Every structure is written in structure tokens, then in C-alpha cells.
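> this is the structure alone, sequence omitted:
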């Protein structure tokens with residue numbers, strides 16, 4: 001018996017990928033997704049039933065807000081039972097933030113949600129958009145030997161590589177290989193065929209009931225340390241009256257200045273109920289607050305180790321947890337616990353460093 005055709009919903013939020021060139025004027029115009037398969041004829045050969053939904057108006061990704069994350073989550077929730085997988089077309093600048101946010105929203109997810117986009121519009125001859133779109137749809141439709149979704153989690157596909165959404169960062173403004181997952185192996189590589197790295201794809205939610213909680217509290221901030229950072233800058237960030245959480249980007253494995261005023265500013269913020277998460281500025285590696293005296297002191301005054309989480313994941317996780325109504329004490333605890341594979345446990349970190357070398361470009 002022939003296998004049932006997979007049904008895929010494309011959700012176009014905006015971004016470069018959704019533009020085509022007017023053959024008469026040469027101007028870039030939004031693609032009419034009602035006639036998507038007329039514009040990208042290769043989609044007819046994928047063996048999928050493809051439908052589409054568009055944000056009106058389409059958004060430049062720099063304009064994305066938590067309210068748009070809620071809108072996107074509601075679209076997927078409303079269509080979850082109707083489709084086998086979802087492909088989200090999104091501008092590249094904030095795609096890693098949105099993919100991270102969506103990973104936390106969907107608890108018990110057992111269907112693929114694949115983010116993709118492009119550096120050049122679909123209407124350009126050298127576009128990367130068609131390949132990214134076609135492969136993302138193939139991944140969203142992929143099934144294993146017993147008919148289950150091959151990648152039942154929130155992911156991001158770009159330039160041959162499939163990555164866990166909440167492990168990605170945008171690394172280039174002008175190269176086709178615009179995203180990387182530095183601290184977690186790629187989930188798949190798309191060459192002549194798509195090779196899945198099944199050992200690192202999460203299947204933990206298969207068979208569970210989906211729970212969608214699209215609520216975010218935006219009262220968070222990022223504080224990036226640098227040599228010579230002044231007391232005025234630190235206190236200006238930490239003393240914001242409505243502030244609930246901070247991602248502090250420290251040096252190396254979690255080091256920071258030892259000036260008394262700096263330590264006291266952190267201590268006072270924590271005492272006020274602000275959750276401060278320590279992530280490293282380095283693109284690879286992780287925070288270990290037991291390695292040096294500075295880290296030990298930061299942990300003692302109440303900072304939470306973000307381990308190997310990206311800034312994007314740590315920030316959106318804070319927004320998500322506070323949006324659920326958790327107290328500062330509960331958020332502080334949950335920020336140290338992997339909820340959707342956004343950070344590694346201690347025993348995983350060294351193993352992943354070896355795995356990554358195999359699956360990195």
C-alpha cells in the first residue's frame with residue numbers, strides 16, 4: 001500500500017526568502033504564497049500536500065516581538081492536528097531568538113517545526129532560498145521506518161545543516177552559511193541525500209500530550225561585560241525598576257571583574273529578586289563557576305550558570321518562565337535545568353565536543 005502523503009503547513013512571517021523579482025521593473029515584491037507552487041515549481045515533485053499561511057503584513061525580522069511569537073504559536077496550535085509538520089519562513093536576523101522561544105512554548109511536541117529563510121530572495125538567480133525551503137519541507141515530512149516523524153522538535157535548517165532551534169546563533173550577515181550550532185551537534189546534513197544524526201535528535205516527547213503556553217515577560221536584559229565597563233553602565237541595567245531577569249555575558253568559563261562595586265551591584269539585584277544567568281561570550285565551551293575564584297563568588301551571591309546555552313536561548317527561556325507566572329526562586333532553579341535540550345548536562349558536554357567535530361562543516 002502506498003504511504004499517505006505528508007501534509008505540511010508553511011507559515012510565512014516575513015523576511016528575505018518571501019521576495020520575488022518583478023520581471024518588468026526588477027523590484028523585489030512579496031511572494032504570493034497562494035500561488036507558491038507556481039513560483040517554486042520544484043515543490044510539485046516533493047510528494048507533499050502543502051498549504052500556507054501568511055502574516056499580514058509580513059514582518060522584517062528586526063521588528064519581531066514576543067507578541068508575534070504568541071501569534072505564531074497560536075497559528076501552529078490551531079493547525080497542529082491538521083498537518084504532519086510545519087515550516088516557518090522567517091527573516092534571518094532574529095530567527096535564532098524565535099526558534100528558541102518556540103521550543104519552550106511547545107511542551108510535548110511530537111511533530112517537526114522547521115525554521116528556515118534565506119540570504120537572497122527567491123526571485124534572485126543565485127538565491128539560497130529555494131534549496132533551504134525545499135529541504136526544510138522534506139525534513140518536516142520525513143518519517144522513520146515505522147512512520148513516526150524523523151525530527152519531532154523545533155529545528156532550524158540553513159545551508160545544508162539542520163540544527164536544534166534553541167542551540168543556534170546567526171554567525172554571518174553576508175554568507176549563505178549564516179547559522180551555526182556551536183555547542184550541540186548538527187541533527188542532519190543535506191548533501192546528495194539527507195543524513196540524520198539520530199542519536200542527538202530528541203524523541204522524548206513522542207506519545208505525550210501537546211501543551212502550548214505562549215506567554216512571555218519582556219522585562220529582561222542582556223549585560224555584556226568588557227574591560228573597563230563602568231559602574232554607571234552596570235547599575236543602569238541592574239537598577240531598572242521592572243527588571244526581572246538578566247543574561248550576563250561573562251569572560252571565558254564564567255569570569256567577571258572582582259571590583260567591590262560590581263559584586264555589590266549583582267548582589268543587590270539578586271536580593272531584589274532579579275534572576276541573573278551567567279553565559280560565556282565565547283562561541284564554544286561552557287560556563288563552569290567552580291573553576292576560578294571569580295565564578296565561585298558569583299555562584300555564592302546567587303548567579304545561575306547558563307552552562308553551554310546561547311544568549312538567545314537563555315534570554316527567551318527567562319521570558320518564557322516569567323511569562324508562566326513562576327517566582328524568582330522557581331525561575332532560578334528552572335534556568336539550571338534543561339527543559340527542551342537548550343543546555344547540556346555536565347556529563348554530556350565533553351561527549352558533545354567530540355561529536356560536534358564530526359558533524360560540523
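Cool, the structure landed. All of these numbers come straight from a predicted model, not from anything done at the bench. Numbers count the residues shown, from 1 in each chain.

> give me the nearest residue to residue 83, chain neighbours excluded.
Excluding the flanking residues, the one nearest residue 83 by C-beta to C-beta, 6 or more residues apart in numbering is residue 9, at 4.4 Å. The C-beta positions use only the backbone N, C-alpha and C, and glycine is treated the same way.

> in a strand, residue 20, correct?
Yes. Using DSSP: H, G, I helix; E, B strand; the rest coil, the assignment for residue 20 is a strand.

> and it, how far from residue 30?
Distance of residue 20 to residue 30, computed by C-beta to C-beta, to the nearest Å: 8 Å.

> what about the helix or strand encompassing the residue nearest to residue 83, average pLDDT?
Using DSSP states H and E, residue 9 sits in strand 6-12. The average of the pLDDT scores along strand 6-12 is 95.

> mean confidence (pLDDT) on stretch 137-146, please.
Mean pLDDT, stretch 137-146: 94.

> again with stretch 203-210
Mean predicted lDDT for stretch 203-210 stands at 79.

> cool, and stretch 22-38?
On average, stretch 22-38 scores 70.

> of residue 20 and residue 30, give the one with the bigger neighbour count.
Each of residue 20 and residue 30 has its neighbours counted (other C-beta atoms under 10 Å); residue 20 has more, 19 against 14.

> quick check: bridge partners of the more buried one?
Residue 20 has the following beta-bridge partners by DSSP bridges: residue 29.

> you'd agree it is up against residue 26?
No. With contact defined as C-beta atoms under 8 Å, residue 20 and residue 26 do not form a contacting pair (11.3 Å).

> how near is residue 214 to residue 223?
Computed as C-beta to C-beta, the residue 214 to residue 223 distance reads 27 Å.

> I meant to write residue 79 there.
Residue 79 is 38 Å from residue 223, where distance means C-beta to C-beta.

> ok, now residue 248?
With C-beta to C-beta as the criterion, residue 248 and residue 223 are 5 Å apart.

> cool, and residue 334?
According to C-beta to C-beta, residue 334 and residue 223 sit 20 Å apart.

> where does pLDDT dip in the stretch 251-361 of the chain?
Filtered on pLDDT under 70, the stretch 251-361 of the chain yields the residue ranges 346-361.

> how about the strands of the stretch 1-150 of the chain, start to end?
All strands of the stretch 1-150 of the chain, identified by DSSP state E, counting those that start in this stretch, fall at 6-12, 19-21, 28-30, 48-54, 85-89, 106-107, 113-116.

> kindly reformat these as CSV and extend each row with distance to residue 125.
Below are the strands of the stretch 1-150 of the chain laid out as CSV (distance: least, C-beta to C-beta, whole Å):
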stretch, distance to residue 125
strand 6-12, 21
strand 19-21, 9
strand 28-30, 13
strand 48-54, 24
strand 85-89, 20
strand 106-107, 37
strand 113-116, 19
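
> quick one: contacts for residue 224?
Neighbouring residues of residue 224 by C-beta atoms under 8 Å, 6 or more residues apart in numbering: 248-249, 281.

> any idea what it is bridged to?
Beta-bridge partners recorded for residue 224 (DSSP bridges): residue 249.

> same question, residue 277
In this entry, residue 277 is beta-bridged to residue 247, residue 304, by DSSP bridges.

> right, and it touches residue 302 too?
No. The pair residue 277 / residue 302 is not scored as a contact, 10.9 Å apart, by C-beta under 8 Å.

> the more surrounded of these two?
The residue with more neighbours, out of residue 277 and residue 302, is residue 277; 27 against 16, by other C-beta under 10 Å.

> and the more buried one, what does it touch?
Residue 277 is in contact with 245-248, 303-306, 309, 314, 318, 335, counting by C-beta under 8 Å, 6+ apart.

> gap between it and residue 333?
As judged by C-beta to C-beta, residue 277 and residue 333 stand 12 Å apart.

> now the helices for this protein?
For the chain, the helices defined by DSSP state H cover 36-39, 66-79, 95-105, 129-141, 231-238, 260-271, 293-300, 311-323, 328-334, 346-359.

> surely residue 75 meets residue 11?
Yes. Assessed by C-beta under 8 Å, residue 75 is found in contact with residue 11 at 5.7 Å.

> so where's the stretch 51-200 of the chain shaky on pLDDT?
Scanning the stretch 51-200 of the chain for pLDDT under 70 picks out the ranges 123.

> report the contact partners of residue 62.
Here residue 62 is in contact with 91, 93-94 (criterion: C-beta under 8 Å, 6+ apart).

> circling back to that earlier point, just the buried ones from the contacts of residue 224, in PyMOL syntax?
To isolate the buried ones among the contacts of residue 224 in PyMOL, judged by 16 or more other C-beta atoms under 10 Å, type:
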select buried, resi 248+249
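
> name the nearest of the contacts of residue 224 relative to residue 160.
residue 281 (27.4 Å; C-beta to C-beta).

> once you drop chain neighbours, what's closest to that closest one?
residue 249 (4.8 Å).

> who touches stretch 320-334?
Counting by C-beta under 8 Å, 6+ apart, 66, 101, 104-105, 213, 215-217, 219-220, 244-245, 273-275, 302, 304, 318, 335 sit against stretch 320-334.

> residue 91 and residue 315, how far apart?
When residue 91 is compared with residue 315 (using C-beta to C-beta), they lie 18 Å apart.

> contacts only, for residue 11.
So residue 11 contacts 52-55, 72, 75-76, 86-89 (C-beta under 8 Å, 6+ apart).

> okay if I get those residues as CSV plus distance to residue 169 and neighbour count?
Shown next, in CSV, are the contacts of residue 11 (distance: C-beta to C-beta, whole Å; neighbours: other C-beta atoms under 10 Å):
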residue, distance to residue 169, neighbour count
52, 28, 18
53, 27, 17
54, 27, 18
55, 24, 17
72, 20, 24
75, 25, 17
76, 23, 24
86, 22, 24
87, 21, 28
88, 17, 27
89, 19, 30
